[in-house]
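Colleague: Next one to model:
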Amino acid sequence: MKANFINILFILVIFIAKNSNAQQISPNLVGTNVWYSQLDDKVWNLTKYSGVKTIRIGGHAYDKNMPSNETLLDWVRKIQAMSAEPVLQVSKYQPAEVAAGLVRLFNIEKHEGIKPIKYWNIGNEPWLQANRPAQSVMGEMVETYFKPIAAAMKAVDSTIMIYGPNECDYMDYYDDLFGGKNDITGKVPGHNYYYCDGLTWHRYPQGSGDPAVEGANDFLERIVKAKTKVDQINALHKRTGKDALQWGIGEYNSKGGPEVHTWGNGQMFGAVLGYCMEYEANFATSWSMFEHGGDRKGSDFSFIDGANMTPRASYRHMEFVAKYFTGNFVKGIAADTSFMVYGAQNGDQLSVMIMNRGFGEPREYNLYLKDAVQTGPGLNLVVKGNRDDVYKDVIQPRATQVLIFKGDSVTKINYTSDDFDNERPPVYTKKKIVAQMEIRNKPLKIIEKRQMLNEKKYVDLEQFYNFAISEEIHGKPGNTIPIPSGINDFNGVKFDARGIIQLASKVSFEKSHILYPEKITGIPMNTTAKKLCFLHSSAWESAKGTEVVEIVVHYANNQSRKILIKSREEVEDWWFHTENSIFPANAELAWEGSNDRVKDLGFVLKLYRYTWVNPLPDVEITSIDLVSSMNDTGYMLYGITCL
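Modeller: Residues are numbered from 1 along each chain as shown. This is a model prediction of the structure:
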């Protein structure tokens, strides 16, 4: 068991490396099944409202007793009317000509309200139907019926895509069937198309644990195997683009009615669909729309509960993914294994699903929407989208939240096990994102009081600092600036330096997950000066000459002057690399030191002194403004001295 687990982990590592680029989410991903039950309009309408993109018509009963053509036409018409793709099963027991006739019926003949069917599958769970023989004989058994039927179907319409064998599990004999001695993934002789276009399997986990965790892990193992096999076949036969072998799940659910009607089953569905996005499934069709009266017993695998025709937790999680997860899959990271998080980026919309599968108390969390660096205290979740926000919220135990970020607003869908138990729908709310985080205008620690209250020579920046000298700068552990606090000499010029003003830059939030002010206005001066000396540095590099900050000097005569501070000319990064950094040509060294974070990384800490000659030395300076240029580099000011 341990060896198998290590092998699974190895495969997962390979996939994480291979799939680091954005994976496009299949437009057919979320689906369900329809079968012999006589479904009323309410079931069809609820299915349409769920947003499912694919509905498979298939199952055991079909192989031996196919519905009439009139019934199939009616079902396909209803499926296509809700803008879903049908996946139509043909019987493995009937002659190949019968399957070819169905392709002709739907794709060649014209029927009102019916478009050609693209996706087909041959047979259903052949190992079970053959009474569980040794798997060593299954490859030949399936090849014997699959190839003639597939060839006959594609002779009618070579553009269709045929999936199989829809076994009851991802079974060992798939190695024979896909690339092995009974390979069904090659081309039909004499033609430029293939017998099989997709690998499919079914799964109903048989464990007794919580489906949200145990069931999800059960599926992940098989999903990884399916993706591995598909990649192997595509490499073997050089199948690429539209010819590439795909994969999908033909049926899935918990093991029986009592387990199907549980909150954990719903979160298992959420996990399965997340894994299917990550490993690029074409579809995952649950079993099924409605059966056994939805009575929570035996073979009730419905996603609608029969008592009040209420959507179950499985339905809701399918609905979330179908409606809001389009575009490219976005990987999520959660250090706490009771949580699962993933997302989808579609243009400027980022959708995120957070599932708290744990019990106990509500949990506060920080959701980082781009960078994988986790800095805040508490529970940190990450999705690698393209937004710089950090979203903060609380999630209940046994709850799912879907967050849809677009522009300056977020739509939140909250759905809990208590909602499920009481047959309540999810709760939707929408609000502005700007309320989620405050701009950091104040330090977290107390600033030391000024020593010389009436000395205007040293500008008092106390009310403008957003970091204290003793704080970990940018929220990074060990990232302190070990300079003395107060009025002290910095290489020949004294400054009143008791904190740091950090201005925002284009990348400052991404790098530190803290919102900084873009400008600070009205810093009082009320003095004359021949020169202004700035004790400063910067953070986050940019090219030499890049504008960092504009300092606006206001005079009593209503005039003003602008001081433009540029990267590597008047200022440089406080993390100075001994090989790669450039000392600013127009500044002087004010201080040099180190801290626990940089000492082993090839950096030293440096602060710089820039001196500006005042063109109006006899006119009182009333105030100054600091305005970030909002390029990559962020400005850091410690003190100003008037000379």
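Colleague: Reduced to three states, what does residue 127 come out as?
Modeller: Counting by DSSP: H, G, I helix; E, B strand; the rest coil, the backbone at residue 127 sits in helix.
Colleague: all strands for the stretch 501-643 of the chain, in order.
Modeller: 519-527, 531-539, 547-555, 560-566, 575-577, 588-593, 603-613, 621-628, 634-642 (DSSP state E, counting those that start in this stretch).
Colleague: Out of the ones you listed, name the one with the poorest average pLDDT.
Modeller: Across the strands of the stretch 501-643 of the chain, strand 575-577 has the smallest mean pLDDT, namely a mean of 92.
Colleague: how about it: buried residues?
Modeller: The neighbour-count check on strand 575-577 (16 or more other CB atoms under 10 Å) flags 575-576 as buried. In this view, the C-beta of every residue, glycine as well, is placed from N, C-alpha and C.
Colleague: Distance from the chain centre to it, please.
Modeller: 34 Å (CA atoms, centre = their mean, to the nearest Å).
Colleague: where in this protein is pLDDT low?
Modeller: For the chain, applying pLDDT under 70 flags the ranges 1-22, 36-37, 371-377, 433-438.
Colleague: Now do the helices in it.
Modeller: Remark: helices assigned in the chain by DSSP state H are 2-18, 41-50, 60-64, 69-81, 96-103, 126-129, 138-156, 174-177, 216-236, 257-260, 263-278, 313-324, 417-421, 508-512.
Colleague: list the helices and strands the third one packs on?
Modeller: For helix 60-64, the helices and strands in contact under the criterion 3 or more CB pairs under 8 Å, 6 or more residues apart in numbering; DSSP states H and E are helix 126-129.
Colleague: tell me which residues in the helix it packs on are buried?
Modeller: 126-127.
Colleague: got the contact list for that helix?
Modeller: Applying CB atoms under 8 Å, 6 or more residues apart in numbering, the contact partners of helix 126-129 are 60, 63, 92, 133, 135, 138, 141-142, 165, 167-168, 171, 173.
Colleague: between the residues you listed, which has the most around it?
Modeller: Among the contacts of helix 126-129, residue 165 has the most neighbours (other CB atoms under 10 Å), with 30 neighbours.
Colleague: Other residues contacting stretch 175-185?
Modeller: 138-140, 142-143, 146-147, 150, 164-165, 194-196, 199, 229, 232-233, 236-237, 239, 245.
Colleague: Drop anything exposed from those.
Modeller: When the contacts of stretch 175-185 are checked for burial by 16+ other CB under 10 Å, the buried set is 138-139, 142-143, 146-147, 150, 164-165, 194-196, 199, 229, 233, 237, 239, 245.
Colleague: how much space between the spatially closest residue to residue 177 that is not a sequence neighbour and residue 250?
Modeller: Nearest in space to residue 177, with sequence neighbours left out and distances taken as CB to CB, 6 or more residues apart in numbering, is residue 139 at 4.9 Å. Distance of residue 139 to residue 250, computed by CB to CB, to the nearest Å: 19 Å.
Colleague: what's the answer for residue 635, then?
Modeller: Distance of residue 635 to residue 250, computed by CB to CB: 59 Å.
Colleague: again, but for residue 518
Modeller: 54 Å.
Colleague: Look at these two and report which has more neighbours.
Modeller: residue 250 (30 against 15).
Colleague: residues contacting the more buried one?
Modeller: Each residue near residue 250 by CB under 8 Å, 6+ apart is listed here: 33, 56, 58, 87, 121, 124, 163, 166, 200-202, 285.
Colleague: what do you get if the cut-off is 7 Å, keeping everything else the same?
Modeller: Residues counted as contacts of residue 250 (CB atoms under 7 Å, 6 or more residues apart in numbering) are 56, 58, 121, 166, 200-202, 285.
Colleague: Over to residue 213?
Modeller: residue 357.
Colleague: And for residue 157?
Modeller: Neighbour list for residue 157: 103, 107-108 [criterion: CB under 7 Å, 6+ apart].
Colleague: Go again with 8 Å.
Modeller: With CB under 8 Å, 6+ apart, residue 157 has these contacts: 103, 107-108, 116.
Colleague: Kindly report the same for residue 261.
Modeller: 296, 300, 305, 312 are the contacts of residue 261 under CB under 8 Å, 6+ apart.
Colleague: surely the last one meets residue 301?
Modeller: No - Residue 312 lies out of contact with residue 301 (CB atoms under 8 Å); the separation is 10.4 Å.
Colleague: Look at these two and report which has more neighbours.
Modeller: For residue 312 versus residue 301, the count of surrounding residues by other CB under 10 Å is larger for residue 301: 27 against 23.
Colleague: separation between the residue nearest to residue 177 and residue 181?
Modeller: For residue 139, the distance to residue 181 equals 6 Å [CB to CB].
Colleague: hmm, who's touching stretch 404-420?
Modeller: Under CB under 8 Å, 6+ apart, the answer for stretch 404-420 is 263, 266, 312-313, 316, 320, 324, 348-352, 369, 385, 387, 389, 391, 393, 396-403, 424-434, 436.
Colleague: okay, how far is it across that stretch, tip to tip?
Modeller: One end of stretch 404-420 sits 22 Å from the other (CA to CA, to the nearest Å).
Colleague: count of neighbours near residue 57?
Modeller: 23.
Colleague: Spit out the contact partners of it.
Modeller: Applying CB under 8 Å, 6+ apart, we find residue 57 in contact with 33-35, 72, 75-76, 79, 86-89.
Colleague: can you redo the residues you listed as JSON lines with neighbour count?
Modeller: JSON lines is the format used below for the contacts of residue 57 (neighbours: other CB atoms under 10 Å):
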{"residue": "33", "neighbour count": "24"}
{"residue": "34", "neighbour count": "24"}
{"residue": "35", "neighbour count": "21"}
{"residue": "72", "neighbour count": "19"}
{"residue": "75", "neighbour count": "19"}
{"residue": "76", "neighbour count": "22"}
{"residue": "79", "neighbour count": "26"}
{"residue": "86", "neighbour count": "24"}
{"residue": "87", "neighbour count": "29"}
{"residue": "88", "neighbour count": "23"}
{"residue": "89", "neighbour count": "25"}
